[in-house]
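> sequence-free structure coming up:
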């Protein structure tokens, strides 16, 4: 580009830190943001979530949902053709914002585990700007896993364990490794880390307002979007997981039918399945790495707290399973009464 963007703020997630709300805000106000402050939001990287950029970064053969969602096969030629096309479209797209700042947002970027994948994205965006900055919201690993569990069962997951059971830990939760790749490629001064609180309501934390603050945007001048997403409680999550397990494969229509009937039974007080001890044990595998990462970024003051009091004293799966059976029986009785 002959006239590059003045800066690009690359928001890489993480999931379950208000990312969808941030993207909804940007999408709802894209015209006003462009008119008032010259902010460029790409149209060539996907609507709402710019996950096509993440697909660009992955190595050929990856079966990450960002890659399969872009319709890519596993061959090297498929990926090379995709990258060439996306690069051309993105460079043309960025001409709209030349001279001003831009924002790209996708939590899928946080799943680029390989240094080569991160460098590939950075090299592409460096064609658009000389000032690339990364913003990442992080959530304590046990709370992120607990929140992600609902997304997994909603997507057809049948695993009973809330916390991943992998030798050496799951790469997704190793922030020191994944975010460290961005630091290695760009430098610590180009990374802004924001702690998503353990109790966001108690701290009156709002991801959209914090994001606006980082970009110097006055949120009062723009439309705030209320997220319509409803999370199902732990009892219903277990019922959904059991349904997926029984079906043996993802059954979106059947799962949607079940969720519609379970929605009136939702009880937000029933939030967590694992015990406090299990949460502490899972988190302990990442605590030291977190300390190293936060020190590297000079963000020690944002380190996660040691508050695990939101969890029950014992694992609730058996008890919640029994409650789930009772819910199903009541639903069956209601259906029978309507038929009579």
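Done, it's in. Predicted model only: the values in this text are computed from it and were never measured. Residues are numbered from 1 along each chain as shown.

> count of neighbours near residue 30?
15 (other C-beta atoms under 10 Å). Heads up, the C-betas are built off the backbone N, CA and C, glycines and all.

> okay, the closest residue to it other than its chain neighbours: pLDDT?
Spatial nearest neighbour of residue 30, chain neighbours left out: residue 41 (4.9 Å); criterion: C-beta to C-beta, 6 or more residues apart in numbering. We have a pLDDT of 98 for residue 41.

> Please list all residues in contact with residue 41.
26-27, 30, 33-34, 102-104 (C-beta atoms under 8 Å, 6 or more residues apart in numbering).

> at 7 Å instead, please
26, 30, 103 (C-beta atoms under 7 Å, 6 or more residues apart in numbering).

> between those, which is nearest residue 112?
residue 103 (18.4 Å; C-beta to C-beta).

> Would you mark the buried spots in stretch 172-185?
For stretch 172-185, the neighbour count (16 or more other C-beta atoms under 10 Å) marks 172-183, 185 as buried.

> and those residues, which of them are in helices?
Among these, the members falling in helices are 175-183, 185 (criterion: DSSP state H).

> Mean confidence (pLDDT) on stretch 238-257, please.
Mean predicted confidence for stretch 238-257 is 95.

> related to what we said a few turns ago, which of the buried residues of stretch 172-185 sits closest to residue 84?
Distances from residue 84 to the buried residues of stretch 172-185, taken as C-beta to C-beta, are shortest for residue 185 (22.0 Å).

> mind listing the strands for the stretch 101-250 of the chain?
101-105, 132-139, 191-196 (DSSP state E, counting those that start in this stretch).

> Please name the strands paired to the last one in the sheet, noting orientation.
In other words, strand 191-196. Here strand 191-196 has these sheet partners by DSSP bridges: strand 132-139 (parallel).

> any idea how far the spatially closest residue to residue 265 that is not a sequence neighbour is from residue 270?
Spatial nearest neighbour of residue 265, excluding adjacent residues (C-beta to C-beta, 6+ apart): residue 327 at 5.1 Å. Distance, residue 327 to residue 270, by C-beta to C-beta, to the nearest Å: 11 Å.

> Same question for residue 46.
Distance from residue 46 to residue 270, by C-beta to C-beta: 35 Å.

> any idea how far residue 215 is from residue 29?
12 Å.

> what about those two, which has more around it?
residue 29 (21 against 17).

> which residues touch that one?
Residues near residue 29 by C-beta under 7 Å, 6+ apart: 222-223.

> And the helices in the stretch 151-300 of the chain?
Under the criterion DSSP state H, counting those that start in this stretch, the stretch 151-300 of the chain contains helices at 175-186, 207-215, 234-247, 252-262, 276-296.

> any idea of the angle the fourth one forms with helix 234-247?
Put plainly, it is helix 252-262. Here helix 252-262 runs at 150 degrees with respect to helix 234-247, directions being taken by axes from the mean of the first three to the mean of the last three C-alpha atoms, to 10 degrees.

> Buried by neighbour count: which residues of helix 252-262 qualify?
For helix 252-262, the neighbour count (16+ other C-beta under 10 Å) marks 255, 258-259, 262 as buried.

> what does that helix contact?
By C-beta under 7 Å, 6+ apart, helix 252-262 touches 232, 236, 239-240, 243, 247, 331.

> Residue 286: what's its closest spatial neighbour, skipping adjacent residues?
residue 141 (4.7 Å).

> Hmm, the one you found is touching residue 171, no?
No: using C-beta atoms under 7 Å, residue 141 is not in contact with residue 171; the gap is 11.8 Å.

> Compare the two and say which is more crowded by neighbours.
residue 141 (27 against 13).

> List the buried residues in stretch 102-116.
Applying 16+ other C-beta under 10 Å to stretch 102-116 flags 102-113 as buried.

> what's the closest of the residues you listed to residue 157?
residue 111 (16.2 Å).

> quick one, what contacts that closest one?
Applying C-beta under 7 Å, 6+ apart, the residues near residue 111 are 54, 64, 172.
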